[in-house]
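*Asks:* Return a 3D structure for these sequence lines:
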Amino acid sequence: MLATAVLIHLVAVGTRMPAWVTEGYREYANRLPRECSLKLVEIAPCKRRKTLNTKRIQAEEGRQLLAALPPRATVVALAVNGKPWDTETLATRLQGWLQDGREVALLVGGADGLSEECLQRADLHWSLSAHTLPHALVRVVVAEQLYRAWSILSGHPYHRA
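*Replies:* Residues are numbered from 1 along each chain as shown. Down below sits the predicted model:
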């Protein structure tokens, strides 16, 4: 049984994605109903310079990610060291978010990953895979998995376990 609503923010470093990423993300995000909407917030990646090391790039992108968070949101860091959630676990989490009524923010770092500040701010750490995925692909995978979780909760036949 579904209850209340949730706005999920996918806060991701990166702009100017290839058309297949934009189309794939939109395909699944648009399938979600208003009660469980997904909003993409793009953060411009830090400009690469010889004077900037990985930690400084992570820190700058992290500041921008944290500044884009909605107040009082449940924050989920997408990180390779996070906990893997199978589809049913994600559906259970989504049900909880729907009942809680708070906005949710999913953080996707840039090429150098999430800053320590982002990881510390996160309420949960979610790993999509033990593999390092291209950050552009993460957008599509997250949108599809959220749609799949929604389909489980709503009794839609999309998910076939």
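*Asks:* Find the helix or strand that the most centrally placed residue in the chain is a member of.
*Replies:* Residue closest to the mean C-alpha point of the chain, counted by CA atoms, centre = their mean, is L106 at 3.3 Å. In this structure, L106 sits in strand 104-108 according to DSSP states H and E.
*Asks:* What of H9?
*Replies:* Assessed by DSSP H and E, H9 sits inside strand 6-13.
*Asks:* and that strand, how far out from the chain's middle?
*Replies:* Computed by CA atoms, centre = their mean, to the nearest Å, the separation of strand 6-13 from the middle of its chain amounts to 6 Å.
*Asks:* now the lengthiest helix in the chain and strand 6-13, what's the angle there?
*Replies:* Ranked by residue count and defined by DSSP state H, the top helix of the chain is helix 135-154. Put simply, helix 135-154 runs at 170 degrees to strand 6-13, going by axes from the mean of the first three to the mean of the last three CA atoms, to 10 degrees.
*Asks:* now what about whichever helix or strand comes after the strand holding L106, what contacts it?
*Replies:* Past strand 104-108, further along toward the C-terminus, the next helix or strand under DSSP H and E is helix 116-121. Helix 116-121 is contacted by residues 58-59, 62-63, 65-66, 69, 75, 77, 79, 107, 109, 125 when judged by CB atoms under 8 Å, 6 or more residues apart in numbering. Glycine gets a C-beta too; all of them are placed from N, C-alpha and C.
*Asks:* Next step: those residues restricted to helices.
*Replies:* Checking the contacts of helix 116-121 against DSSP H, those in helices are 58-59, 62-63, 65-66.
*Asks:* returning to that earlier point: correct me, but the residue nearest to the centre of the chain touches V76?
*Replies:* Yes - using CB atoms under 8 Å, L106 and V76 qualify as a contacting pair, with a distance of 4.9 Å.
*Asks:* what residues do the two have in common as contacts?
*Replies:* Counting by CB under 8 Å, 6+ apart, the residues touching both L106 and V76 are W126.
*Asks:* Could I get the average pLDDT for the longest strand along the chain?
*Replies:* Secondary structure assigned by DSSP state E gives strand 74-84 as the longest strand of the chain. For strand 74-84, the per-residue pLDDT values average out at 95.
*Asks:* export the strand holding H9 as PDB, just CAs?
*Replies:* Taking C-alpha atoms only, strand 6-13 is exported to PDB below (Å, rounded to 0.1, in the frame of the first residue of the first chain):
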ATOM      1  CA  VAL A   6       8.200  12.100  -1.900                       C
ATOM      2  CA  LEU A   7      10.300  14.300  -4.200                       C
ATOM      3  CA  ILE A   8      13.700  12.700  -4.900                       C
ATOM      4  CA  HIS A   9      16.500  15.000  -6.000                       C
ATOM      5  CA  LEU A  10      19.300  13.400  -8.000                       C
ATOM      6  CA  VAL A  11      22.100  15.800  -7.300                       C
ATOM      7  CA  ALA A  12      24.900  14.900  -9.700                       C
ATOM      8  CA  VAL A  13      28.200  16.400 -10.700                       C
END
